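**Student:** generate a structure from the sequence data that follows.
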Amino acid sequence: MSILKNYITVLFLGLLLSFSKKVNAQNTLDCSYPEWTPCYPSCTWVAGDICSYDDKDWQLGSTGQNFRAPGSQIGSAYWVEISDPCTGLLKPSVEATLVRANYCTTSFGVGYISTNGGAIITARGFVYGTSGNPTLEDDLVLLDAGNTIGDEFEGLMENLTPETDYYVRTYATNSEGTTYGTQATFTTRASADCVSDCNLACDVTTPGLYNPSVAALNTTYSTIGVGDTLCITEDRTYSGNVVRGMLKVCNGATLTISGSMNVQTSENGPGFNGQIVYEGCNETINGSGAYQGDKISGTIDDVDVKQMISYCGTCDENDQSQFINLDDQNQIHLWGATCRPTSTLLLPVELISFSASLHEQGVLLEWSTGSEINNSHFEIESSYDGVNWFKIGISQGAGNSIETNNYSFIDNGAQEGSLYYRLKQVDFDRTAHYSNIKYFSFDESQKQKGFIAFQNSNDQIEIQAKFSGMGEAHLIDTRGRIVEIQTFISTNKSGTKLTFNTTDLATGVYFVKIKSGNALLGEKVQVVK
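**Tutor:** From the prediction side, this is the model:
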């Protein structure tokens, strides 16, 4: 029976079990365990696993005997028949969530699932947000594709707001429900404290760990310690030694090694967790040296795939040259890698344009999507102050589509003055996402109330705020880099208006901050083309 068929069978049986708690060890229809299949020479069964075979349930006593058919050998080292294996199925047990490498707009969550409750894990990952005890229903979700227990897994939280408190919890789901781990709290760094060349949380607090000189890299940091996060954003030469902590390569940098690099992960001993993390698609390790990775204990010809991680959108785990490309390929031993092009779930709709213009019947709103996934509908919302929003209409979505879809809506109830518009995109499961905000004014001399930043008709970021006096406005990208700074002096108590000069902004999310006296305000803006 194929692995895919096994998993489909497992999910189906889990659903049956959720309706009936009848337990019978001799009847696999009451169990959520996969059927045993031969796996020699490369086995996936590990000690403690439970399977169904020959109308009985078995637990593996030794990974060295996992390829033998259950019941063919007797003893604690082999498959051992168990009784009542499905009694008391529970939700998974999830440990407290950890957070490491906090940065301006990113942070890493670390999770651990100790038990699956007797049923296969169907989903695991992290939920996070700016309110305590985030859940799958209301907050941002990081989905991890794995379903194993007993190992750490991580997720990259992206597009965070600098200087903001966040809460994150690990979660795991099986047929009995979802369990959340104890939440962790972290605060993103200020933009001024972050490195512009790396989005993956470089350590700028410890001198030397960020772009050490060639001399320091080959002496002081020739061995990267377990607790170190060393960041390379410029080309470096490296004679090679031991990586026990984290080496991050960003900004298209190349690390040229001439000696022997040994990446030591947890298999080398307690506490070791060596990893090389690539931010994008243009970083690599090359040279005339040698590379030594790790073998996962207890398996045959298998290596630790967590020793190299890439967040490149076109990453291919089977293409070794994307990660390491030495002159002599025979000098690459026990190499393994994992692609994580994005940990954040993709928005279900790719919004490629959104505009507001004058129409003889009111205000014409037009928007286009490049693709849609499970898109139920759009709710069109309007506001007179940029703070309080009201639903003024609904437009049905295309559901699932990879073609361009064009939409329009006329607000025939618009009155004289200034208005703000946004789209609330709603999935079939009622999950919602908001577009960027569009500003429209019947009278350009009018100014809005409060503070708002938006993309204007010239594809510039425009600010209108209720500020008087002197101040500064910062336009910041998701890496924490300052794109542009504008200073202003306003004697008009009703507010000020300014526009950033940059017009070639790439599609994506930006942050606008205004400082004036003791006041500090921020706003997120999504740029679409």
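**Student:** not counting residues beside it along the chain, what's closest to residue 403?
**Tutor:** residue 371 (7.9 Å; C-beta to C-beta, 6 or more residues apart in numbering). C-beta coordinates here come from the backbone N, C-alpha and C atoms, glycine included.
**Student:** the one you found pairs with what?
**Tutor:** Here residue 371 shows beta-bridge partners residue 350, assigned using DSSP bridges.
**Student:** tell me the domain ranges of this structure?
**Tutor:** The chain breaks down by automatic domain parsing into domains covering 3-81, 93-192, 198-339, 346-446, 448-529.
**Student:** all strands for the stretch 1-150 of the chain, in order.
**Tutor:** Along the stretch 1-150 of the chain, counting by DSSP state E, counting those that start in this stretch, strands occupy 50-53, 56-60, 79-81, 93-94, 98-100, 107-115, 123-129, 140-144.
**Student:** as CSV, these with mean pLDDT and distance to residue 330 would be great.
**Tutor:** Shown next, in CSV, are the strands of the stretch 1-150 of the chain (pLDDT from 0 to 100; distance: least, C-beta to C-beta, whole Å):
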stretch, mean pLDDT, distance to residue 330
strand 50-53, 79, 39
strand 56-60, 81, 36
strand 79-81, 84, 40
strand 93-94, 87, 43
strand 98-100, 80, 35
strand 107-115, 83, 34
strand 123-129, 84, 38
strand 140-144, 67, 34
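**Student:** highest mean neighbour count out of those strands?
**Tutor:** Mean neighbour count (mean count of other C-beta atoms under 10 Å) peaks for strand 123-129 among those, with a mean of 23.
**Student:** in its sheet, which strands sit next to it, and in what direction?
**Tutor:** Assessed with DSSP bridges, strand 123-129 is paired to strand 140-144 (antiparallel), strand 165-174 (antiparallel).
**Student:** dump the last one to CSV, restricted to CA.
**Tutor:** When you say that, I think you mean strand 165-174. Only the C-alpha atoms of strand 165-174 are listed here, as CSV (Å, rounded to 0.1, in the frame of the first residue of the first chain):
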residue,chain,number,x,y,z
ASP,A,165,4.8,43.4,21.4
TYR,A,166,3.8,40.0,20.0
TYR,A,167,2.4,36.7,21.4
VAL,A,168,3.1,33.3,19.8
ARG,A,169,1.9,29.8,20.6
THR,A,170,2.8,26.4,19.1
TYR,A,171,-0.2,24.3,18.0
ALA,A,172,-0.8,20.7,16.9
THR,A,173,-4.0,19.1,15.6
ASN,A,174,-5.1,15.5,15.4
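**Student:** what's the angle from it to strand 107-115?
**Tutor:** Counting by axes from the mean of the first three to the mean of the last three C-alpha atoms, to 10 degrees, strand 165-174 lies at 30 degrees to strand 107-115.
**Student:** and whichever helix or strand comes after strand 165-174, what's buried?
**Tutor:** Remark: after strand 165-174, the chain's next helix or strand is strand 177-180, criterion DSSP states H and E. Buried residues in strand 177-180, counting neighbours by 16 or more other C-beta atoms under 10 Å, are found at 178-180.
**Student:** how much space between the residue of the chain positioned farthest from its centre and residue 61?
**Tutor:** What lies farthest from the middle of the chain is residue 74; by C-alpha atoms, centre = their mean that is 45.8 Å. According to C-beta to C-beta, to the nearest Å, residue 74 stands 11 Å off from residue 61.
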